[in-house]
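*Asks:* Fold the stuff below for me.
(chains A and B, ligands or ions: 2)
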Number of protein chains: 2
Amino acid sequence: YFSEATLGSPCLINGLPIVRNISELPQDSYGIPGLTHMTVAGSVLHGMKEVEIWLQTFAPGAATPIHRHSCEEVFVVQKGSGTLYLAETHESVPGKPVEFPISANSTFHIPINDAHQVKNTGHEDLQVLVIISRPPIKIFTYDDWFMPHTAARLKFPFYWDEQCFQESQKDEL
Amino acid sequence: YFSEATLGSPCLINGLPIVRNISELPQDSYGIPGLTHMTVAGSVLHGMKEVEIWLQTFAPGAATPIHRHSCEEVFVVQKGSGTLYLAETHESVPGKPVEFPISANSTFHIPINDAHQVKNTGHEDLQVLVIISRPPIKIFTYDDWFMPHTAARLKFPFYWDEQCFQESQKDEL
Ligand SMILES: [Zn+2]
Ligand SMILES: [Zn+2]
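*Replies:* Ligands and ions are numbered 1, 2, ... in the order given. Predicted structure coming up:
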(Lines give C-alpha, C1' and ligand atoms only; values in the text may rest on other atoms or scores of the structure.)
(Ligands and ions follow the chains in the order given, each with its own letter.)
Protein backbone atom coordinates (compact mmCIF):
# COMPACT_ATOMS: atom_id res chain seq x y z
CA TYR A 1 0.00 0.00 0.00
CA PHE A 2 2.95 2.40 0.11
CA SER A 3 4.65 4.01 -2.82
CA GLU A 4 8.10 5.47 -2.29
CA ALA A 5 6.76 8.97 -2.86
CA THR A 6 4.17 8.72 -0.08
CA LEU A 7 6.57 7.02 2.33
CA GLY A 8 8.91 9.97 1.91
CA SER A 9 6.26 12.57 2.78
CA PRO A 10 4.51 13.26 6.10
CA CYS A 11 1.56 14.50 4.05
CA LEU A 12 -0.06 11.29 2.84
CA ILE A 13 -3.16 11.57 0.74
CA ASN A 14 -2.86 8.48 -1.41
CA GLY A 15 -1.23 5.15 -0.78
CA LEU A 16 -2.53 5.05 2.77
CA PRO A 17 -3.19 1.62 4.28
CA ILE A 18 -6.92 1.02 4.78
CA VAL A 19 -6.47 -0.14 8.39
CA ARG A 20 -4.06 1.86 10.54
CA ASN A 21 -2.87 1.44 14.11
CA ILE A 22 -3.67 4.60 16.05
CA SER A 23 -0.72 4.10 18.37
CA GLU A 24 1.61 4.27 15.36
CA LEU A 25 0.23 7.50 13.91
CA PRO A 26 2.45 10.59 13.98
CA GLN A 27 1.86 12.80 17.02
CA ASP A 28 2.92 16.33 17.76
CA SER A 29 2.24 19.16 20.21
CA TYR A 30 2.39 21.82 17.46
CA GLY A 31 3.99 24.09 20.04
CA ILE A 32 0.91 23.98 22.29
CA PRO A 33 2.12 23.20 25.84
CA GLY A 34 0.72 19.95 27.24
CA LEU A 35 -1.02 18.87 24.01
CA THR A 36 -0.49 15.67 22.07
CA HIS A 37 -2.45 15.68 18.82
CA MET A 38 -2.98 12.81 16.38
CA THR A 39 -5.11 13.07 13.27
CA VAL A 40 -6.90 9.71 13.16
CA ALA A 41 -8.71 10.45 9.90
CA GLY A 42 -8.22 13.85 8.34
CA SER A 43 -9.00 16.02 5.39
CA VAL A 44 -5.54 17.32 4.60
CA LEU A 45 -3.73 14.11 5.61
CA HIS A 46 -6.13 11.40 4.47
CA GLY A 47 -8.49 12.97 1.96
CA MET A 48 -11.59 12.98 4.17
CA LYS A 49 -14.19 15.43 2.85
CA GLU A 50 -17.05 15.37 5.36
CA VAL A 51 -15.74 14.25 8.75
CA GLU A 52 -12.42 14.40 10.55
CA ILE A 53 -11.28 12.64 13.71
CA TRP A 54 -8.53 13.55 16.17
CA LEU A 55 -7.17 11.87 19.27
CA GLN A 56 -5.89 14.53 21.65
CA THR A 57 -4.25 14.21 25.04
CA PHE A 58 -4.09 17.16 27.41
CA ALA A 59 -1.65 17.10 30.33
CA PRO A 60 -3.04 18.45 33.64
CA GLY A 61 -3.61 22.19 33.20
CA ALA A 62 -3.52 22.06 29.39
CA ALA A 63 -6.46 23.39 27.39
CA THR A 64 -7.74 24.22 23.94
CA PRO A 65 -7.85 27.92 23.11
CA ILE A 66 -11.16 29.68 23.77
CA HIS A 67 -12.63 29.39 20.28
CA ARG A 68 -15.68 28.98 18.06
CA HIS A 69 -16.38 27.38 14.70
CA SER A 70 -19.36 26.79 12.43
CA CYS A 71 -18.76 23.06 11.99
CA GLU A 72 -20.27 20.40 14.22
CA GLU A 73 -17.97 18.99 16.90
CA VAL A 74 -18.45 15.99 19.19
CA PHE A 75 -16.12 14.89 21.99
CA VAL A 76 -15.88 11.39 23.41
CA VAL A 77 -13.73 11.34 26.55
CA GLN A 78 -11.49 8.28 26.57
CA LYS A 79 -9.45 8.84 29.76
CA GLY A 80 -9.03 11.31 32.60
CA SER A 81 -11.23 14.23 33.58
CA GLY A 82 -11.58 17.93 33.00
CA THR A 83 -13.97 20.78 32.36
CA LEU A 84 -15.94 21.99 29.36
CA TYR A 85 -16.43 25.75 29.40
CA LEU A 86 -19.28 26.81 27.15
CA ALA A 87 -20.56 30.33 26.51
CA GLU A 88 -24.11 29.93 25.36
CA THR A 89 -25.02 33.59 25.03
CA HIS A 90 -25.07 35.31 21.68
CA GLU A 91 -24.32 38.84 22.83
CA SER A 92 -21.36 40.83 21.55
CA VAL A 93 -18.92 38.83 23.71
CA PRO A 94 -18.98 35.18 24.80
CA GLY A 95 -19.29 36.18 28.49
CA LYS A 96 -18.74 34.02 31.56
CA PRO A 97 -19.02 30.40 30.44
CA VAL A 98 -21.05 27.62 32.01
CA GLU A 99 -18.76 24.90 33.44
CA PHE A 100 -19.49 21.21 32.87
CA PRO A 101 -17.41 18.49 34.50
CA ILE A 102 -16.32 15.79 32.02
CA SER A 103 -14.67 12.41 32.56
CA ALA A 104 -14.07 9.03 30.89
CA ASN A 105 -17.20 8.00 28.98
CA SER A 106 -18.56 11.55 28.79
CA THR A 107 -19.74 12.71 25.41
CA PHE A 108 -20.83 16.18 24.39
CA HIS A 109 -21.33 18.20 21.26
CA ILE A 110 -20.62 21.87 20.87
CA PRO A 111 -23.52 23.99 19.63
CA ILE A 112 -22.56 25.65 16.32
CA ASN A 113 -20.62 28.91 16.82
CA ASP A 114 -20.77 28.83 20.64
CA ALA A 115 -17.42 29.85 22.15
CA HIS A 116 -15.91 27.00 24.17
CA GLN A 117 -12.80 25.60 25.79
CA VAL A 118 -11.90 22.12 26.99
CA LYS A 119 -9.37 22.01 29.83
CA ASN A 120 -7.72 19.29 31.84
CA THR A 121 -8.66 20.38 35.35
CA GLY A 122 -7.86 16.91 36.73
CA HIS A 123 -4.67 15.25 37.88
CA GLU A 124 -4.13 12.69 35.10
CA ASP A 125 -3.91 13.04 31.34
CA LEU A 126 -7.22 13.87 29.68
CA GLN A 127 -7.64 11.97 26.41
CA VAL A 128 -10.45 12.86 24.02
CA LEU A 129 -11.56 11.68 20.63
CA VAL A 130 -12.78 14.69 18.69
CA ILE A 131 -15.03 14.53 15.64
CA ILE A 132 -15.61 17.58 13.44
CA SER A 133 -17.62 18.06 10.26
CA ARG A 134 -16.63 19.86 7.05
CA PRO A 135 -12.84 19.67 7.48
CA PRO A 136 -10.28 21.19 7.45
CA ILE A 137 -11.34 23.14 10.53
CA LYS A 138 -11.55 26.93 10.55
CA ILE A 139 -11.27 28.30 14.09
CA PHE A 140 -11.86 31.76 15.53
CA THR A 141 -9.85 32.21 18.74
CA TYR A 142 -10.42 34.55 21.69
CA ASP A 143 -7.89 35.87 24.22
CA ASP A 144 -10.55 35.75 26.95
CA TRP A 145 -14.29 35.32 27.46
CA PHE A 146 -14.94 39.05 27.19
CA MET A 147 -13.25 39.67 23.84
CA PRO A 148 -15.85 40.75 21.26
CA HIS A 149 -16.89 38.09 18.74
CA THR A 150 -15.89 40.54 16.00
CA ALA A 151 -12.33 40.68 17.38
CA ALA A 152 -11.84 36.90 17.46
CA ARG A 153 -9.02 35.88 15.13
CA LEU A 154 -9.38 33.36 12.32
CA LYS A 155 -6.66 30.68 12.55
CA PHE A 156 -6.67 28.81 9.24
CA PRO A 157 -5.19 26.43 8.42
CA PHE A 158 -5.03 25.26 12.05
CA TYR A 159 -1.70 24.05 13.46
CA TRP A 160 -1.92 20.39 12.50
CA ASP A 161 -3.09 21.17 8.97
CA GLU A 162 -0.53 23.87 8.23
CA GLN A 163 2.36 21.96 6.69
CA CYS A 164 0.35 19.57 4.58
CA PHE A 165 -2.30 22.12 3.62
CA GLN A 166 0.45 24.20 2.03
CA GLU A 167 1.95 21.17 0.31
CA SER A 168 -1.42 20.14 -1.08
CA GLN A 169 -1.96 23.68 -2.35
CA LYS A 170 1.43 23.57 -4.07
CA ASP A 171 0.57 20.23 -5.64
CA GLU A 172 -2.35 21.86 -7.36
CA LEU A 173 -0.26 24.60 -9.05
CA TYR B 1 -32.16 20.35 31.20
CA PHE B 2 -35.17 18.03 31.04
CA SER B 3 -38.75 18.97 30.39
CA GLU B 4 -41.45 16.46 31.27
CA ALA B 5 -42.27 16.03 27.60
CA THR B 6 -38.72 15.00 26.69
CA LEU B 7 -38.30 12.77 29.73
CA GLY B 8 -41.40 10.88 28.65
CA SER B 9 -40.13 10.22 25.11
CA PRO B 10 -37.26 8.01 23.93
CA CYS B 11 -36.89 10.40 21.00
CA LEU B 12 -35.13 13.39 22.49
CA ILE B 13 -34.31 16.27 20.22
CA ASN B 14 -34.48 19.17 22.63
CA GLY B 15 -33.87 19.35 26.32
CA LEU B 16 -30.83 17.11 26.05
CA PRO B 17 -28.09 17.62 28.64
CA ILE B 18 -24.92 19.04 27.05
CA VAL B 19 -22.66 16.42 28.67
CA ARG B 20 -23.94 12.84 28.70
CA ASN B 21 -22.52 9.63 30.17
CA ILE B 22 -22.16 7.07 27.38
CA SER B 23 -22.68 4.18 29.78
CA GLU B 24 -26.14 5.57 30.64
CA LEU B 25 -27.35 5.97 27.04
CA PRO B 26 -30.15 3.68 25.85
CA GLN B 27 -28.89 0.55 24.11
CA ASP B 28 -30.66 -1.97 21.97
CA SER B 29 -29.98 -4.85 19.57
CA TYR B 30 -32.78 -3.81 17.18
CA GLY B 31 -33.35 -7.50 16.57
CA ILE B 32 -29.85 -8.00 15.15
CA PRO B 33 -28.32 -11.04 16.90
CA GLY B 34 -25.17 -10.22 18.89
CA LEU B 35 -25.36 -6.44 18.36
CA THR B 36 -25.53 -3.74 21.02
CA HIS B 37 -26.03 -0.31 19.48
CA MET B 38 -25.87 3.09 21.20
CA THR B 39 -26.30 6.38 19.38
CA VAL B 40 -23.69 8.60 21.05
CA ALA B 41 -24.63 11.70 19.03
CA GLY B 42 -27.28 11.33 16.37
CA SER B 43 -29.35 13.11 13.80
CA VAL B 44 -32.77 11.74 14.67
CA LEU B 45 -32.10 11.53 18.43
CA HIS B 46 -29.96 14.58 19.10
CA GLY B 47 -30.41 16.94 16.17
CA MET B 48 -26.97 16.45 14.63
CA LYS B 49 -26.94 17.57 11.00
CA GLU B 50 -23.47 16.77 9.68
CA VAL B 51 -21.95 13.95 11.75
CA GLU B 52 -23.30 11.06 13.77
CA ILE B 53 -21.52 8.76 16.21
CA TRP B 54 -22.41 5.27 17.36
CA LEU B 55 -20.87 2.89 19.88
CA GLN B 56 -21.49 -0.68 18.77
CA THR B 57 -20.56 -3.95 20.38
CA PHE B 58 -20.52 -7.18 18.38
CA ALA B 59 -20.53 -10.53 20.18
CA PRO B 60 -18.21 -13.20 18.71
CA GLY B 61 -19.62 -14.15 15.29
CA ALA B 62 -21.85 -11.07 15.00
CA ALA B 63 -21.48 -8.80 11.97
CA THR B 64 -22.92 -5.82 10.14
CA PRO B 65 -24.85 -6.66 6.98
CA ILE B 66 -22.88 -6.55 3.74
CA HIS B 67 -23.74 -3.00 2.71
CA ARG B 68 -22.73 0.21 1.00
CA HIS B 69 -23.51 3.92 1.48
CA SER B 70 -22.52 7.22 -0.03
CA CYS B 71 -21.65 8.89 3.28
CA GLU B 72 -18.18 8.85 4.81
CA GLU B 73 -17.64 6.32 7.61
CA VAL B 74 -14.74 5.93 10.02
CA PHE B 75 -14.28 3.16 12.59
CA VAL B 76 -12.17 3.38 15.72
CA VAL B 77 -11.85 -0.02 17.39
CA GLN B 78 -12.12 0.32 21.17
CA LYS B 79 -11.93 -3.34 22.28
CA GLY B 80 -11.62 -6.85 20.86
CA SER B 81 -10.73 -7.93 17.36
CA GLY B 82 -12.37 -8.86 14.10
CA THR B 83 -12.24 -8.56 10.35
CA LEU B 84 -13.10 -5.83 7.87
CA TYR B 85 -14.29 -7.25 4.54
CA LEU B 86 -14.04 -4.69 1.77
CA ALA B 87 -14.98 -5.12 -1.89
CA GLU B 88 -12.98 -2.55 -3.76
CA THR B 89 -14.03 -3.47 -7.28
CA HIS B 90 -16.63 -1.45 -9.11
CA GLU B 91 -18.00 -4.16 -11.38
CA SER B 92 -21.66 -5.17 -11.42
CA VAL B 93 -21.29 -7.11 -8.13
CA PRO B 94 -19.10 -6.42 -5.08
CA GLY B 95 -17.16 -9.67 -5.62
CA LYS B 96 -14.86 -11.47 -3.21
CA PRO B 97 -13.82 -8.95 -0.57
CA VAL B 98 -10.33 -8.22 0.70
CA GLU B 99 -9.97 -9.17 4.39
CA PHE B 100 -8.26 -6.86 6.87
CA PRO B 101 -7.64 -7.90 10.48
CA ILE B 102 -8.73 -5.22 12.96
CA SER B 103 -8.15 -4.93 16.70
CA ALA B 104 -8.15 -2.42 19.56
CA ASN B 105 -6.62 0.87 18.36
CA SER B 106 -7.25 0.09 14.70
CA THR B 107 -8.86 2.83 12.67
CA PHE B 108 -10.13 2.64 9.11
CA HIS B 109 -12.43 4.53 6.82
CA ILE B 110 -14.69 3.01 4.23
CA PRO B 111 -14.25 4.33 0.69
CA ILE B 112 -17.54 5.90 -0.49
CA ASN B 113 -19.96 3.32 -1.95
CA ASP B 114 -17.61 0.34 -1.51
CA ALA B 115 -19.51 -2.71 -0.21
CA HIS B 116 -18.20 -3.77 3.20
CA GLN B 117 -18.88 -5.77 6.33
CA VAL B 118 -17.35 -5.67 9.80
CA LYS B 119 -17.45 -8.95 11.70
CA ASN B 120 -16.31 -10.12 15.10
CA THR B 121 -14.07 -13.03 14.10
CA GLY B 122 -12.39 -13.01 17.52
CA HIS B 123 -13.26 -14.58 20.86
CA GLU B 124 -14.19 -11.49 22.89
CA ASP B 125 -16.68 -8.69 22.28
CA LEU B 126 -15.65 -6.32 19.49
CA GLN B 127 -16.45 -2.71 20.39
CA VAL B 128 -16.23 0.02 17.76
CA LEU B 129 -16.92 3.71 17.66
CA VAL B 130 -18.44 4.52 14.28
CA ILE B 131 -18.56 7.98 12.75
CA ILE B 132 -20.70 8.71 9.70
CA SER B 133 -21.36 11.91 7.76
CA ARG B 134 -24.66 13.33 6.49
CA PRO B 135 -26.98 11.48 8.89
CA PRO B 136 -29.43 9.82 9.13
CA ILE B 137 -27.71 6.96 7.33
CA LYS B 138 -29.13 5.44 4.14
CA ILE B 139 -27.83 1.90 3.62
CA PHE B 140 -28.03 -0.48 0.67
CA THR B 141 -27.76 -4.10 1.85
CA TYR B 142 -26.63 -7.23 -0.01
CA ASP B 143 -27.49 -10.86 0.69
CA ASP B 144 -24.00 -11.91 -0.42
CA TRP B 145 -20.90 -10.58 -2.19
CA PHE B 146 -22.14 -11.66 -5.61
CA MET B 147 -25.52 -9.93 -5.51
CA PRO B 148 -25.65 -7.22 -8.22
CA HIS B 149 -25.27 -3.63 -6.98
CA THR B 150 -28.57 -2.88 -8.71
CA ALA B 151 -30.34 -5.52 -6.59
CA ALA B 152 -29.08 -4.20 -3.24
CA ARG B 153 -31.98 -3.07 -1.07
CA LEU B 154 -32.30 0.40 0.43
CA LYS B 155 -32.94 0.21 4.18
CA PHE B 156 -34.09 3.66 5.30
CA PRO B 157 -34.60 4.69 7.97
CA PHE B 158 -32.13 2.20 9.45
CA TYR B 159 -33.13 0.18 12.52
CA TRP B 160 -32.03 2.58 15.24
CA ASP B 161 -33.57 5.59 13.51
CA GLU B 162 -36.91 3.97 12.71
CA GLN B 163 -39.04 4.80 15.74
CA CYS B 164 -37.85 8.35 16.25
CA PHE B 165 -37.63 9.15 12.56
CA GLN B 166 -41.33 8.40 12.27
CA GLU B 167 -42.15 10.42 15.37
CA SER B 168 -40.19 13.37 14.11
CA GLN B 169 -42.01 13.16 10.79
CA LYS B 170 -45.35 13.12 12.62
CA ASP B 171 -44.29 16.11 14.68
CA GLU B 172 -43.93 18.08 11.51
CA LEU B 173 -47.53 17.49 10.35
ZN1 LIG C 1 -14.06 23.30 19.18
ZN1 LIG D 1 -20.86 1.04 6.64
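
*Asks:* For the rest of this, base every contact and every neighbour count on C-alpha atoms.
*Replies:* OK.

*Asks:* Got phi/psi on the nearest residue to residue A:149 once chain neighbours are set aside?
*Replies:* Nearest non-adjacent residue to residue A:149, counting by C-alpha to C-alpha, 6 or more residues apart in numbering or on different chains: residue A:93, 5.4 Å away. Note on residue A:93: its backbone torsions stand at phi -130, psi 160 [degrees, to the nearest 10].

*Asks:* Can you name the residues that contact residue A:93?
*Replies:* Taking C-alpha atoms under 8 Å, 6 or more residues apart in numbering or on different chains, we find residue A:93 in contact with A:145, A:146, A:147, A:148, A:149.

*Asks:* Surely the last one is in contact with residue A:90?
*Replies:* No - taking contacts as C-alpha atoms under 8 Å, residue A:149 lies outside contact range of residue A:90: 9.1 Å.

*Asks:* neighbour-wise, which of the two wins?
*Replies:* Higher neighbour count among residue A:149 and residue A:90: residue A:149, with 19 against 12, using other C-alpha atoms under 10 Å in any protein chain shown.

*Asks:* Pick the one among the contacts of residue A:93 closest to residue B:125.
*Replies:* Set against residue B:125, the nearest of those by C-alpha to C-alpha is residue A:145 (44.4 Å).

*Asks:* close enough to count as contact, the closest one and residue A:98?
*Replies:* No - applying C-alpha under 8 Å, one finds residue A:145 not in contact with residue A:98, separated by 11.2 Å.

*Asks:* Compare the two and say which is more crowded by neighbours.
*Replies:* Shown here are residue A:145 and residue A:98; by other C-alpha under 10 Å, residue A:145 has more neighbours (20 against 12).

*Asks:* Doesn't residue A:166 lie inside a strand?
*Replies:* No - counting by DSSP: H, G, I helix; E, B strand; the rest coil, residue A:166 falls outside a strand, being helix.

*Asks:* What residues does chain A have near chain B?
*Replies:* By the rule C-alpha under 8 Å from any C-alpha of the partner chain, the part of chain A lying against chain B is A:18-23, A:40-41, A:48-51, A:72, A:74, A:100, A:102, A:105-109, A:131-134.

*Asks:* buried sites along stretch A:37-51?
*Replies:* Within stretch A:37-51, the residues scored as buried using 16 or more other C-alpha atoms under 10 Å in any protein chain shown are A:37-46, A:48-51.

*Asks:* how about low-confidence regions in chain A?
*Replies:* Where chain A drops to pLDDT under 70, the residues are A:1-9, A:12-14, A:168-173.

*Asks:* what's around the residue nearest to residue A:60 when sequence neighbours are not counted, how many residues?
*Replies:* Leaving aside its sequence neighbours, residue A:60 sits nearest to residue A:120 (C-alpha to C-alpha, 6+ apart; 5.1 Å). Look at residue A:120: counted by other C-alpha under 10 Å, it has 25 neighbours.

*Asks:* How about the contacts made by residue A:120?
*Replies:* By C-alpha under 8 Å, 6+ apart, residue A:120 lies in contact with A:58, A:59, A:60, A:61, A:62, A:63, A:81, A:82, A:83, A:126.
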